[in-house]
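J.: sequence first, predicted coordinates after that:
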Amino acid sequence: MHPRNVYLKGIDFLQLSNNYPSLKNHLDTHNSIDFKNQEAQRCLTEAILYCDFRLNVKLPSDRLCPPVPNRLNYVLWIQDIVHCSRYLETQDVKSDIAGIDIGTGASAIYPLLGCALEKSWTFVASEIDRGSFGYACENISANHFDSRIHVVQAKANSPILLPLFLDAEATFDFTMCNPPFYSSVEDVVHSAEAKQFGPNAVCTGAEVEMVTPGGEAVFVGKMVEESSRARHRCRWYTSMLGKLSSVEDVVNTLKSHSIDNYIVTEFVQGQTRRWAVGWSFLDVRLPDSVSRVPNPNPSISKCLPAHNTITQSVPAISKTLLAENLHQMLSSISHLNIQSRTAARENRLDADMTAMDVDDSDVPDIVIFAQEDTWSRSARRRRNQVPLDASSSMNPSVSSTPLLPSLDTALVCSIHIKDLPSRDVNSLGGNRPTRLGLEFCWRRGRERTLFDSFCSHISRKVLALRYDA
Ligand SMILES: C[S@@+](CC[C@H](N)C(=O)[O-])C[C@H]1O[C@@H](n2cnc3c(N)ncnc32)[C@H](O)[C@@H]1O
């Protein structure tokens, strides 16, 4: 579960029922509820939405009943993406955010949760099913969100990303979608039968909610195609996926469209595992805490993007000494713009934004801006061939340049000095070298090779340093 998910430690059904009395009718002798009972499930979702988000939602009996903890996981991941992406692009995380929800369903759960959590968010949602479209509009009005959530009726031949194509001028921060997972009704039946102990919860979904021609991978594949026409008009395109095999299919589709800036996460709730894939045409690179599944098992590992956060363990006497050496080393590289970020915590972009580890406040982070490779051996060789009069502008600059790179900035990378977990730290203390971590975070750029080469150049230099006690 997402670290900010308030349901990490489970739900106290008894306490919830004290605040939402109709739930009491569904409590068993252990103060739990029967997830195979449709009515109990609907009442639980309505109770959570009301008690924890002040949302009045009516769920029709013939449509999907969304489990809130799982839907919240996805909204929190979107929050991370939006926060990091906006910060890296403009350093402005407070301005208005516009999202799209494809297939919002009768509950309109994603736009409602998003607007309840974030005052600056607005949504355009789409829905193909006339019945669900009507219920969604009622739920939005019941919560007085008509000015912030607009629902459009999709047709069978509409583009999947319909809201992007209705207004060619409109721009968005993100798209989200929980697509119909299955390719046919038989596929739904097989999947239920394949579950060893039967499904954990009853599924109340109508066929249109669960089945789409070709299944979810084809649905999201079409989204990838459409996104490569709309490109920068949306910062991040994302979709949830219900099958692990679909993650691989969608990642392959992204690669076939030469989209290398993609991210993959996993949502685990009880025995249910879901995945989500996101991609962007921007040069903004999100930290691993947002872009990759933490502690992945081998089956998902092959679908993950390469690391945007690389930690090099280094011996050092103190963070301050290491920081001084690092500054000297960076200053000797020509054409590198170096920024010291005293507000280190502001500059950290962890998914767990409310509970960041705070080992880092004693030395500032460093952010470097490079227009090209000036550190590698071949780059230095090239530089030596440059006529002398051009060398006057070759001094590195330590400046107060804002985080926004200029148009020709090819690489933005932050370097953070951190304590490594205690098992790696020399416990004898004193002046003996301990091990610290140099954490390189790729912030912006199109060429991964540039980031990799910069990290390995600096790591090599730092590892060559000698600290004599
Ligand atoms: C799995 S349900 C998700 C509903 C809701 N978002 C949720 O998470 O509970 C998929 C929804 O997508 C809708 N849908 C299917 N194809 C669509 C399309 N091409 N455009 C818009 N909505 C579509 C279905 O009617 C259904 O409401």
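T.: Perfect, thanks for sending it. Residues are numbered from 1 along each chain as shown.

J.: gap between the closest residue in space to residue 438 that isn't next to it in sequence and residue 190?
T.: The shortest distance from residue 438 to any non-neighbouring residue, by CB to CB, 6 or more residues apart in numbering, is to residue 312 (4.6 Å). (C-beta placed from N, C-alpha, C; glycine too.) Applying CB to CB, to the nearest Å, the value for residue 312 to residue 190 is 47 Å.

J.: check residue 55 too.
T.: 35 Å.

J.: so between these two, which is more surrounded?
T.: More crowded of residue 55 and residue 190, by other CB atoms under 10 Å: residue 55, with 22 against 11.

J.: my read: the more buried one touches residue 116, true?
T.: Yes - between residue 55 and residue 116 there is a contact at 5.7 Å, judged by CB atoms under 8 Å.

J.: which neighbours do these two share?
T.: residue 143 (CB atoms under 8 Å, 6 or more residues apart in numbering).

J.: what are the structural domain limits within the chain?
T.: 64-301, 309-463 (automatic domain parsing).

J.: by mean pLDDT, show me the worst of those domains.
T.: Mean pLDDT values for those show the minimum at domain 309-463, a mean of 75.

J.: end to end on that domain, go ahead and measure it.
T.: 19 Å (CA to CA, to the nearest Å).

J.: what does this structure have sitting close to the ligand?
T.: 64, 66, 71, 102-105, 107, 109-110, 126-129, 132, 154, 160, 178-180, 208-209, 212 (CB under 6 Å from any ligand atom).

J.: take these and keep only those in helices.
T.: Members of these lying in helices (criterion: DSSP state H): 71, 109, 110, 132, 208, 209.

J.: so what's the closest residue to the fifth one other than its chain neighbours up against?
T.: With CB to CB, 6+ apart as the measure, residue 129 is the residue that lies nearest to residue 208, at 4.7 Å, once sequence neighbours are left out. When contacts are counted by CB under 8 Å, 6+ apart, residue 129 is found next to 206, 208, 209.

J.: residue 172 versus residue 129, what's the distance?
T.: Distance from residue 129 to residue 172, by CB to CB: 23 Å.

J.: again, but for residue 368
T.: Note on residue 368: its distance to residue 172, by CB to CB, is 31 Å.

J.: residue 283 - how many residues pack around it?
T.: 18.

J.: so that it lines up with my notes, have the first residue be 24 from now on.
T.: Happy to do that; since the first residue is 24 now, the last one works out to residue 306.

J.: so which residues of the stretch 224-373 of the chain form helices?
T.: Shown for the stretch 224-373 of the chain, the helices assigned by DSSP state H, counting those that start in this stretch span residues 230-233, 239-253, 267-279, 311-314, 321-324, 342-354, 367-370.

J.: show me the contact partners of the third one.
T.: Think helix 267-279. The contact list for helix 267-279, computed with CB under 8 Å, 6+ apart, reads 204, 238-240, 243-244, 247, 262, 264, 285, 287, 296, 298, 300, 302, 322-323, 325-326.

J.: how far does that helix sit from its chain's centre?
T.: 17 Å (CA atoms, centre = their mean, to the nearest Å).

J.: from what I see, residue 173 and residue 156 are in contact.
T.: No - counting by CB under 8 Å, residue 173 stays clear of residue 156, with 11.9 Å between them.

J.: neighbour-wise, which of those two wins?
T.: Remark: of residue 173 and residue 156, residue 156 carries more neighbours, 20 against 16, as counted by other CB under 10 Å.

J.: what's the spacing between the residue nearest to the more buried one when sequence neighbours are not counted and residue 250?
T.: With CB to CB, 6+ apart as the measure, residue 150 is the residue that lies nearest to residue 156, at 4.4 Å, once sequence neighbours are left out. Distance, residue 150 to residue 250, by CB to CB: 20 Å.

J.: ditto for residue 93
T.: Taken as CB to CB, the span from residue 93 to residue 250 is 24 Å.

J.: equivalent analysis for residue 99, please.
T.: Residue 99 is 23 Å from residue 250, by CB to CB.
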